[in-house]
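In: Just the structure for this:
(chains A and B)
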Amino acid sequence: MSETIQLIIAGIENGLAYGLVALALIMIFKTANVLNFAQGTLAGLSGYLAYWFFTSGNFPWPLAALAALACAFLIGIVMERIAVRPLIQSGFFSIVIATLAVDAFATNAIEQVFGTDPLPFPPPIAGAIDVGGVRLTHWSIVIMITAVVVLSIITALIQRTELGLAMRAFADDQTAAQLMGVSEAYVSRMTWGLSTAVGGVVGIVLAPVLFLQTGYMNGTFINGLTAAILGGFVSLSGGVLGGLTLGLLDAFAVKYAPKALVAALPLLVVLLLLLLRPRGLFNRQKSTERV
Amino acid sequence: MADARRVDKSIDASLASSGGRPWWANMFRLSDAYILFGVAIAFLALPSLETRRLVVTLIIAYAIVGIGLVLLFGAGGQLSLGQAIFFAVGAFTSANISRQTTYGFELEVLVAVGIGFIVGVVVGLPALRVGGLYLAIATFALSFTGQQVLFEWKAVSGGGAGMPVGQLRLFGNVMDEKLSLLKISIVLLAILLWIASNLLRGRTGRALHALRTSESATNSVAAINVGWLKLLAFGLSAAFAAAGGVVYMHAISYVNPENFDVDLSILFMLMAIIGGARSLAGAVLGATFVLGMPEVFRGIQQYEGMLYGSILLILIIFSPKGLVGVFTAAAQGVRRLVLRPPDAEAMADLSPLRPRGDRAQIGGACIDLEKVKVQFGGLVAVDEVSFVIEPGQVIGLVGPNGAGKTTLFNGVCGLVPASGTVRFNGTDISRLSIRKRALSGIGRTFQNLNLHDDRTALDHVLIGMDRRLRYHRLAEACRAPWVVKAEHELHKQAQMLLEDLGLGHLSEVLVQDLPYGIQKRIDVARALATSPQLLLLDEPAAGLPSAEANEIIGRVLEIARNEGMTVVIIEHNVELVASVADRVIVLDAGAVIADGTAEEAFTNPAVIAAYLGV
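Out: As a prediction, the model looks like this:
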C-alpha cells in the first residue's frame, strides 16, 4: 500500500513538471501557432543560470532562482525578436526550424560556458519526512508546491489581467484581436518571455534531482510535449492533466515494465494518441485542424 | 476528313520541331552527367583524399541522409526530427550483419534500407491522421526515446559500451585496402543520387511537391492519396538515412548508441536546410559544409552548434533555399539579364481548337443533389439544396456574396462535411472520401487558386494527369524504359492541353512569376487535365478584363462541349452567364431561389430582390 502511495506521489511530482512544460508549449502554440523546440534546452539554461547565481554570485537560493527566471524571461523576448518575428510571414515551418537553430545554439553555448561534465547541485533544502512508510524529501515538497504556485499565477494572469485578456483574444482570433487594438508584437513578446520563464521554473527545480549536465531537460521536454498532445494542444488545463496522467503512467511503468519499454513510453503514447485520438484525451471541443 | 488528316500531320510536324525527340532519348538526363562527372572527379582525386578519407566518407554518409531529407522535407514539406534514429537503424543493422555473418556491404545496405523503410513508415503512421506539426513531435519523440531503447537493448547495440564491428566485405571478398570503403561509398552515393533524381523527376516527386505546396488541391483535384504519400516519403527518407548509417558504421568501425542523439537529428535537419533542401546538390553541399568546415578551420569545432545555429537563422531569413539557393539566385540574376523573360502579359493566342484523334468523348455526368446541407456551428451555409443536372449541361450558379455557392462546391467535393445525398451518375458519393470523389470524375477550380508555388505551368497539368500513370514506383526509381515512355507521352498530352488554353509558350515558367489571369487559366488547366465528367469552375474569370474573361470561358466551354462534360460555373458577370449557360440556378442565403433559363432566372423578382438587397 505504502509502496503504491509512494509511486503515486512520484508520479504527481513528475507529472506536475511535465504539465508545466506542456503549459509553456501550449501558451506559445495558442498565440503563435508554432512549437518551440528550444523550450527544453532553454529550461536547462535557466537551471545553469540559477546554479551560477547561487555558486559564483553567492545569491541566496530563492533569489538565485528568481534572477535566473528574470534572465529566462529576457531570453524568451530576445528569441522572439531574433528568431520568430522576422519569420512570421514565411510560415510555421520556418519558425519551427528557427527554434531548432536556437536550440543548437543554446546547447553549444551551455557546453562552452559550463562544460560537459555533470555539475552537482545539492538541493538547497535537504532532508525528508516519513509518513507511515511513505518517504517524501523536502525538495519534492518544494517542487510540488512551486508547480502549483506557478500554475495558479499563470491561470490568474490569463484570467484576470489585461495581458491575459489580450493573449486569450489573440489565441481566439488573431485578425479580430488586432482589429480591436491588441498589439500583436506586445502579446507575442510577452508570451515568449512568459513561456520561457515557466519552462525555466521546471529547469531550476529539477536541477538538484537530475544534476546539471548537457541536455538534462531533454527527457522532461519530451514528456512535456507528450503531455501537451495528451491534452490536445488546446487548453492549458488539458496540458496539466496530460502531464499528471503521463507522470503516473511513467511512475508505474518504471516499477512494473521492462526498461526498454519505459524508455519508449512517450513515443508509444504519442504514436497511439495521434493515431487513435489526434485531438487529445482531454479535449472535448471539436478543434479545427490548425496545422 | 482529308482536312483533319492534314491537321493531324501538322501536329506531328510541330511536335517533331518542338523538341519531339524519340522517347528513348529521354532516358539520359543532364543530372546523370553531373553524377558521372562527380564520380570521375572523386576517383581521380582519390590519392589526395587518402589522409582525409575518414571525413570524406562521413560527408558521404551524411549526404545520403540529406538525400532522404530532400525527398521528405524539401519536396514533401514534412519536417522530421528523427533521422538520427533511422541512421542508427542502418548502423546497427550492418554492424550486426558484419559481426555475425560473412555477407558483405551489399547485403548490409539492402537489409538496412528495408528495415529503415519499415521503421520510417511506422513512425510516419500518424501522418494518416494529423498534420505536419504533430509529425515533427512524433519524430522528435522517436529521436529521444529511440536512443534510450538502443541503450537498453544490449543484444543489438552493445548498450552503453557500444560494440566493435566486423570487417568490410563486398561480394564475399574482404576489402582491407585503405581506400576501399571510400570507393564503395562514392559508388553508393552515385547510385542513390540517381535513384533520388529519378523519383524527383517522376510522379512521386511531382506528387510530393504538390503535397508541400497545396495539400487540398493534391487531394481534391489530383486525387492523390496524401496519407499514403506522406508514409512513402517517411519510409524513403528513413531508408536513405539507414543506408547512410551503413557507410557511417564502417567509417568509424565502432558503434555506440551514444552517437545517435537528438542533437544529431537536429544537425541533419540543419544540414539539409543550410545546403538547400529543395535540391539534391543541396544535400551534398550541406554535408560538405557541416563536416568540412571543422576540418578546414580546426578551431571552430567546439563552436559548431552556435555557428550552425546562427548560419541557419541567417539563411532561413534571407535565403530560405539554403546555400544552393544563394548560387541559383545569382545564376538566375545573370540569366534574367541575358534572356528576356517570356511575354506572359501578351494575350494568349487562342487559335481554333485542333481536332484530335485521342480526344475521346468522356461524356458528362448526371448529378443529383438531394437536400444537401452544410452547417458551420449555428450558421447554415447551404440549406437543403436539391437539383438534378443532366449530362452535358452547362449550369450557371449565381447568387450574391455569401450565398453558399463555393460552400456547395466544397460540399459536393467533400472538402466540408455535408448532410444529404449527392448522386454522381446514379451512385451515392456523399460517403466517399475527397479523393474518391475526385477519382469518380469531379474536377474543380478554386476561388483562391490553390496553385503549387515554385512549380511550372506544365507541372500543374502533369499533376492533374497523375491518375493516367500506371507505372510502379520501383520502376520509376530505376527509370525503366516503360516509365520514360509513359512520362514522355504524358508530357506530350500535357503540353497539348496547355496549347489548347493558349499557354503553350509558358509551360516552363514558374506559376508565381505569371500574372493573375494566367494563373487562373492554369488552375482551369489542372482541372481539365483530370478529364472530369463534371467540371466545377469557381469564378474562373473573376478579376479579369472582360475580353479576357469571355475568351477564357469560351475556350474552356468549347473544350468541355467537345468532350461532353457537364459544367457548373460560378460567375458574377450576368451577361457572361446568360450567354454561356444552358440553365441558371440562383442561390441566396444557402437556398435555391430560382432555377431555369437565364432569362427566367434573371427576371425572377426574388432574384432581383436578392441582388438589390430589397
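In: give me the residue from chain B nearest chain A.
Out: residue B:305 (2.5 Å; CB to the nearest CB). Using the backbone N, CA and C atoms, a C-beta is placed for each residue, glycine as well.
In: Any buried residues in the one helix or strand that residue maps to, and which?
Out: For residue B:305, the element it lies in under DSSP states H and E is helix B:304-318. Residues B:304, B:305, B:306, B:307, B:308, B:309, B:310, B:311, B:312, B:313, B:315, B:316 are the ones in helix B:304-318 that count as buried (16 or more other CB atoms under 10 Å in any protein chain shown).
In: Likewise for stretch B:315-330?
Out: Within stretch B:315-330, judged by 16+ other CB under 10 Å, the buried ones are B:315, B:316, B:319, B:320, B:321, B:322, B:323, B:324, B:325, B:327, B:328.
In: Could you do stretch B:506-514 as well?
Out: Residues of stretch B:506-514 classed as buried by neighbour count (16+ other CB under 10 Å): B:506, B:507, B:509, B:511, B:514.
In: Just to check, the fourth one is in contact with residue B:458?
Out: Read that as residue B:511. No - between residue B:511 and residue B:458 there is no contact under CB atoms under 8 Å: 10.3 Å.
In: I'd guess residue A:233 is in a helix, am I close?
Out: No - counting by DSSP: H, G, I helix; E, B strand; the rest coil, residue A:233 falls outside a helix, being coil.
In: What is the burial count for residue 214?
Out: Unless you meant another one, I'm taking chain A. Residues contacting residue A:214 under the criterion other CB atoms under 10 Å in any protein chain shown number 18.
In: Chain B, not that one
Out: So residue B:214, with other CB under 10 Å, has 22 neighbours.
In: what are the ranges of the strands in chain A?
Out: Residue ranges of the strands in chain A, as given by DSSP state E, are A:128-131, A:134-137.
In: Pull up the per-residue confidence for residue B:299.
Out: Looking at residue B:299, its pLDDT is 77.
In: and if you look at residue A:232?
Out: pLDDT, residue A:232: 79.
In: Just read off the phi/psi values of it.
Out: Dihedral angles of residue A:232 (phi, psi; degrees, to the nearest 10) stand at phi 80, psi 10.
In: Leaving out sequence neighbours, find the closest residue to it.
Out: Leaving aside its sequence neighbours, residue A:232 sits nearest to residue A:280 (CB to CB, 6 or more residues apart in numbering or on different chains; 2.3 Å).
In: residue contacts, the one you found?
Out: Applying CB atoms under 8 Å, 6 or more residues apart in numbering or on different chains to residue A:280 gives the contacts A:229, A:230, A:231, A:232, A:233, A:234, A:238, A:242, A:273.
In: repeat that with 6 Å
Out: A:230, A:231, A:232 (CB atoms under 6 Å, 6 or more residues apart in numbering or on different chains).
In: Also residue B:380?
Out: Per CB under 6 Å, 6+ apart, neighbours of residue B:380: residue B:590.
In: Now intersect the buried residues of stretch B:315-330 with the helices, please.
Out: Mapping the buried residues of stretch B:315-330 onto helices (DSSP state H) picks out B:315, B:316, B:322, B:323, B:324, B:325, B:327, B:328.
In: per-residue confidence at the first one?
Out: The reference is to residue B:315. Here the pLDDT value assigned to residue B:315 is 86.
In: mind showing which ranges of chain B have poor pLDDT?
Out: Along chain B, segments meeting pLDDT under 70 span B:1-21, B:338-362, B:613-614.
In: What parts of it come near chain A?
Out: Within chain B, the positions near chain A by CB under 6 Å from any CB of the partner chain are B:79, B:125-126, B:129-134, B:137-138, B:141-142, B:144-145, B:148-149, B:152-153, B:266, B:305-306, B:308-309, B:312-313, B:316-317.
In: Can you name the residue of chain A nearest to chain B?
Out: When distances are taken as CB to the nearest CB, chain A reaches nearest to chain B at residue A:108, 2.5 Å away.
In: Do I have it right that that residue meets residue B:305?
Out: Yes - counting by CB atoms under 6 Å, residue A:108 touches residue B:305, with 2.5 Å between them.
In: Using PDB, list the CA coordinates for stretch B:57-73.
Out: What follows is stretch B:57-73, C-alpha atoms only, in PDB (Å, rounded to 0.1, in the frame of the first residue of the first chain):
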ATOM      1  CA  THR B  57      33.500   9.100 -46.100                       C
ATOM      2  CA  LEU B  58      31.500  10.700 -43.300                       C
ATOM      3  CA  ILE B  59      30.500  13.500 -45.700                       C
ATOM      4  CA  ILE B  60      29.100  10.800 -48.000                       C
ATOM      5  CA  ALA B  61      27.200   9.200 -45.200                       C
ATOM      6  CA  TYR B  62      25.600  12.500 -44.100                       C
ATOM      7  CA  ALA B  63      24.900  13.400 -47.800                       C
ATOM      8  CA  ILE B  64      23.000  10.200 -48.200                       C
ATOM      9  CA  VAL B  65      20.900  11.100 -45.100                       C
ATOM     10  CA  GLY B  66      20.500  14.500 -46.700                       C
ATOM     11  CA  ILE B  67      19.100  13.000 -49.900                       C
ATOM     12  CA  GLY B  68      16.300  11.400 -47.800                       C
ATOM     13  CA  LEU B  69      15.500  14.800 -46.300                       C
ATOM     14  CA  VAL B  70      15.400  16.400 -49.800                       C
ATOM     15  CA  LEU B  71      12.600  13.900 -50.600                       C
ATOM     16  CA  LEU B  72      10.800  14.200 -47.300                       C
ATOM     17  CA  PHE B  73      11.200  17.800 -46.300                       C
END
